[in-house]
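Asks: with the sequence up front, the predicted model follows.
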Amino acid sequence: MPEAPFDWLDRHAEQRRRAGLSRTLRPRPADDPVLDLAGNDYLGLTHHPRVTRAAADAALRWGAGSTGSRLVTGTTALHGELEAELAALCGAEAALVFASGYAANLAAVSALTGPGTLIASDAANHASLIDGCRLSRAEKAVVPHADPEAFAKALAGHDGRAVAVTDSVFSVDGDAAPLAALAVVCREAGAGLLVDDAHGLGVLGEGGAGAVSAAGLAGSPDVVTTVTLSKSLGSQGGAVVGPARVIRHLVENARTFIFDTGLAPAAVGGALEALRVIREEPGRPVRTREVARELSERLASAGLLASTPDAAVVSVRAPSPEAALRWAERCREQGVAVGCFRPPSVPDGISRLRLTARADLTAAQVDAAVGVVVGTAPREPIGD
Ligand code: PMP
């Protein structure tokens, strides 16, 4: 008897289970007593009373959904306000809000490139940038990680349009891209620079203005930045920030803008209020960076191989996918949630625990988290 069309899924799932790579969804209880170092709420704003109140008020005023695509009925006055405030924080001419950071990345990469264009893309870029490259049908060069000379080599000799694409802070190891050097390389090669600042906005730069601003590139006519509203801004959604003509082009050409329903008013209202809180409390980004440094130093001095964080992400090496999973599980049993990265989220042979710093963590909580991660560490040798 021939196989049913989806029988292969069971074999595939079994293979992944045997390799220790199965994934399960675990609903997070409201009021979870576990200390959260797994999420991306870097500034501790997701539950900030002003932010949740603004999200609720926006839903009451504008509705639970935006009712349509941005070009039809899905743009409210709040969307415009958020775009103006995001552009102001980043020191850019304009911004455009999308339903997610993922959609913003697909839009920015695919609408600014195309057949005949060259994209030079960092090997450690986020999946959404990679998918944007695939959608673009441009020529692609995957460039060794965080290596401006490799970018220069990839861009040299191409006489058409070219764009270099990079994360600002890499989501697994928490290291920062050499943005100032990349901007020089791009300028010399006549290429645009597209930066995904998902992990930099709200954490790096003066007042949380982001990695592009921290690199002295705010307002550059040749740099386009994408951000998410779901990490430092405690909400949901994404945006592209940059020159006005780029934003105009995206409004008219980006498929994930045109054919997607506009971001829900509650998410817009929450993000907008988060931006206002950040403006009034510029100490929050500073505290997040302090907590990240503290976590990393304490883990390293306890003998664990932790990254030196450039922003809020602290990455700790694990010996294998199975060991990483067990380690994360033991941390959770002892009251601390940490991220666990295994293939295919990271390249084969690499496994990590990921701890994320938050501005609202107290010294006692940092102590407790370090104690649990160190106390549950596997005995096998660690390295990759
Ligand atoms: N870029 C990076 C570097 C990310 O880490 C993420 C979120 N995991 C995204 C883009 C996607 O953003 P969003 O979750 O808003 O779709």
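Replies: Good, I have the coordinates.

Asks: looking at this, residue 354 is in a strand?
Replies: Yes. Residue 354 forms part of a strand when assessed by DSSP: H, G, I helix; E, B strand; the rest coil.

Asks: spatially central residue for the chain, please.
Replies: Central residue of the chain (Cα atoms, centre = their mean): residue 198, 3.4 Å from the mean position.

Asks: got the phi/psi numbers for that residue?
Replies: Backbone torsions for residue 198, taken as degrees, to the nearest 10, come to phi -50, psi -40.

Asks: name the nearest residue to it, ignoring sequence neighbours.
Replies: residue 228 (4.5 Å; Cβ to Cβ, 6 or more residues apart in numbering). The C-beta positions use only the backbone N, C-alpha and C, and glycine is treated the same way.

Asks: from the ligand, how far out is that neighbour?
Replies: The gap separating residue 228 from the ligand is 3 Å, by Cβ to the nearest ligand atom, to the nearest Å.

Asks: what bridges to that residue?
Replies: residue 238 (DSSP bridges).

Asks: correct me, but it touches residue 101?
Replies: Yes. Counting by Cβ atoms under 8 Å, residue 228 does reach residue 101; the two are 3.1 Å apart.

Asks: what do the two both touch?
Replies: Residues touching both residue 228 and residue 101 (Cβ atoms under 8 Å, 6 or more residues apart in numbering): 198, 237-238.

Asks: intersect those with the contacts of the ligand.
Replies: Among the shared contacts of residue 228 and residue 101, proximity to the ligand is found for 198, 238 (Cβ under 6 Å from any ligand atom).

Asks: tell me, how many neighbours does whichever residue of the chain sits closest to the ligand end up with?
Replies: For the chain, the residue closest to the ligand is residue 101, as judged by Cβ to the nearest ligand atom, at 2.5 Å. Counted with other Cβ atoms under 10 Å, residues neighbouring residue 101 total 25.

Asks: next up, the contacts around it.
Replies: 128, 196, 198, 226-230, 237-239.

Asks: make it 7 Å
Replies: 128, 198, 226-228, 230, 238 (Cβ atoms under 7 Å, 6 or more residues apart in numbering).

Asks: in TSV, list these along with distance to residue 371 and pLDDT.
Replies: Shown next, in TSV, are the contacts of residue 101 (distance: Cβ to Cβ, whole Å; pLDDT from 0 to 100):
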residue	distance to residue 371	pLDDT
128	35	98
198	30	98
226	37	99
227	34	98
228	31	98
230	29	98
238	36	98
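
Asks: wait, the residue nearest to residue 198 sits on residue 238?
Replies: Yes. The criterion here is Cβ atoms under 7 Å, and residue 228 meets it with residue 238 at 4.9 Å.

Asks: contact residues of the protein facing the ligand?
Replies: Going by Cβ under 6 Å from any ligand atom, the residues of the chain near the ligand are 100-102, 105, 126, 128, 167, 171, 196, 198-199, 228, 230, 238.

Asks: among those, name the ones in helices.
Replies: 101-102, 105, 128 (DSSP state H).
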